[in-house]
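1. okay, sequence plus prediction incoming.
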Amino acid sequence: MWTTENRVRYDRSALRYASDLTDAEWGVIAPLIPPAKRGGNKRTVETRAVVDALMYVLSTGCQWRALPTDMPARSTVYGYFDLWDYDGTLMRIHHALFVQCREQAGREASPTAAIIDSQSVKGAEKGGPSIDPPGFDAGKTIKGKKRHILVDTQGLLMHALVHSAGVQDRDGGVWVMTTLFGLYPFLLKLYADGGYQGPRFQAGLRRACRQVDVEIVKRSDQANAVTAKGFTVLPERWIVERTFAWLNRCRRLAKDWECHSRKALAFLNWASVRLMIRKLCQTAK
């Protein structure tokens, strides 16, 4: 909530674009950017300008060819976007910032509890044999992709997958937990909604993360009822819904614009990086 006291924390009027990184934010992410490879010509493009251009595309949702002319060439920006996703740089940056945010809040680097949920996103106009096929979510009547995320109790993104919207939550949830690959060894508790109940998800979770106990948080008639204070907040589930709201501030995530799910996941992780950088640098009270 903006107040007179903390408004300066959100002031970005001195920047060229509102999506640009401040000096403090660049100071956080700069050590995590790998140096240029040895041999060949020297790197001529500034990596800060590349990251600013990526944040511009992410925040405004513009096309690659609509990048402002005072930014690096779109082929250069897209090349680094693809390279950093392919060689694991993006995931290393994301995990390093996640650990810093946890430590800043006085918590252990590896969480013991998490919340899982999915979001179906309408697909844009695209087609052809070279794209990852979309699906249809009959429950929400949406044709497109589904974003499956795992967050900690602060709402920070731990892990995510993007897949067809036709995949059921119980199946996609198993994929999410299976692809953790021991990244969070102390995870013991998992909160989920009614879409993850049943023996199918339980059996898949036992194979992937045997030590994790699942608690299904269901909607009750009492929770849906309107009281004098408004709607009753469901325990733990509101955290992951808030994370989706945070991520959807980036207009590139308004629809599924990407032809490949891997690129859509990369933009989702960049949105989480953007969120964590600002959280780390907003130290003013």
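-> That came through fine. Numbers count the residues shown, from 1 in each chain.
2. would you map the strands across the protein?
-> Along the chain, the segments classed as strands by DSSP state E run 113-122, 135-137, 142-151, 157-164, 189-192, 213-216, 226-227, 230-231.
3. closest to Cys259 out of these?
-> strand 142-151 (10.9 Å; C-beta to C-beta). Every C-beta, even on glycine, is put in place using the N, C-alpha and C of the backbone.
4. next, the buried residues of the closest one.
-> By 16 or more other C-beta atoms under 10 Å, the buried positions in strand 142-151 come out as 142, 144-151.
5. what packs against it?
-> On a contact count with 3 or more C-beta pairs under 8 Å, 6 or more residues apart in numbering; DSSP states H and E, strand 142-151 meets strand 113-122, strand 135-137, strand 157-164, helix 169-178, helix 237-247, helix 261-281.
6. pLDDT score for the residue nearest to Lys189 when sequence neighbours are not counted?
-> Nearest residue to Lys189 in three dimensions, chain neighbours excluded: Ala113, at 4.1 Å (C-beta to C-beta, 6 or more residues apart in numbering). Note on Ala113: pLDDT of 95.
7. my read: Ala113 touches Phe186, true?
-> No. Contact criterion C-beta atoms under 8 Å: Ala113 and Phe186 do not qualify, at 9.8 Å.
8. higher neighbour count, those two?
-> A count of neighbours by other C-beta atoms under 10 Å puts Ala113 above the other of Ala113 and Phe186, at 16 against 11.
9. contacting residues for the more buried one?
-> Contact analysis of Ala113 by C-beta atoms under 8 Å, 6 or more residues apart in numbering lists 152-153, 187-191.
10. for Val77, which of the strands of the chain is the nearest?
-> strand 157-164 (21.0 Å).
11. any chance of a markdown table for the strands of the chain, columns distance to Ser19?
-> Formatted as a markdown table, the strands of the chain follow (distance: least, C-beta to C-beta, whole Å):
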| stretch | distance to Ser19 |
| --- | --- |
| strand 113-122 | 21 |
| strand 135-137 | 30 |
| strand 142-151 | 21 |
| strand 157-164 | 19 |
| strand 189-192 | 33 |
| strand 213-216 | 38 |
| strand 226-227 | 38 |
| strand 230-231 | 33 |
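12. which one of these has the lowest average pLDDT?
-> Across these, strand 226-227 gives the lowest mean pLDDT, at a mean of 47.
13. now do Val233, the pLDDT please.
-> Value for Val233, per-residue pLDDT: 60.
14. for Thr4, same thing?
-> 74.
15. can you give me phi and psi for it?
-> phi -60, psi -30 (degrees, to the nearest 10).
16. quick one: distance of stretch 251-267 to the chain centre.
-> Between the centre of stretch 251-267 and the centre of its host chain there is 11 Å, according to C-alpha atoms, centre = their mean, to the nearest Å.
17. buried sites along it?
-> Within stretch 251-267, the residues that count as buried by 16+ other C-beta under 10 Å are 252-253, 256-258, 261, 263-267.
18. got the end-to-end distance for that stretch?
-> One end of stretch 251-267 sits 11 Å from the other (C-alpha to C-alpha, to the nearest Å).
19. and the residue nearest to Lys189, how far from Leu265?
-> Distance from Ala113 to Leu265, counting by C-beta to C-beta, to the nearest Å: 24 Å.
20. could you do Ala208 as well?
-> 19 Å.
21. if we can go back for a sec, mind putting the helices and strands packed on strand 142-151 into TSV with distance to His95?
-> Output for the helices and strands packed on strand 142-151, formatted as TSV (distance: least, C-beta to C-beta, whole Å):
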stretch	distance to His95
strand 113-122	15
strand 135-137	29
strand 157-164	9
helix 169-178	16
helix 237-247	17
helix 261-281	10
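22. and of those, who's closest to Met91?
-> Comparing these by their distance to Met91 (C-beta to C-beta), the top pick is helix 261-281, with 7.1 Å.
23. just to revisit the earlier point, which two in the buried residues of stretch 251-267 are spaced the farthest apart?
-> Longest span within the buried residues of stretch 251-267, C-beta to C-beta: Arg252 and Ser261, 14.6 Å.
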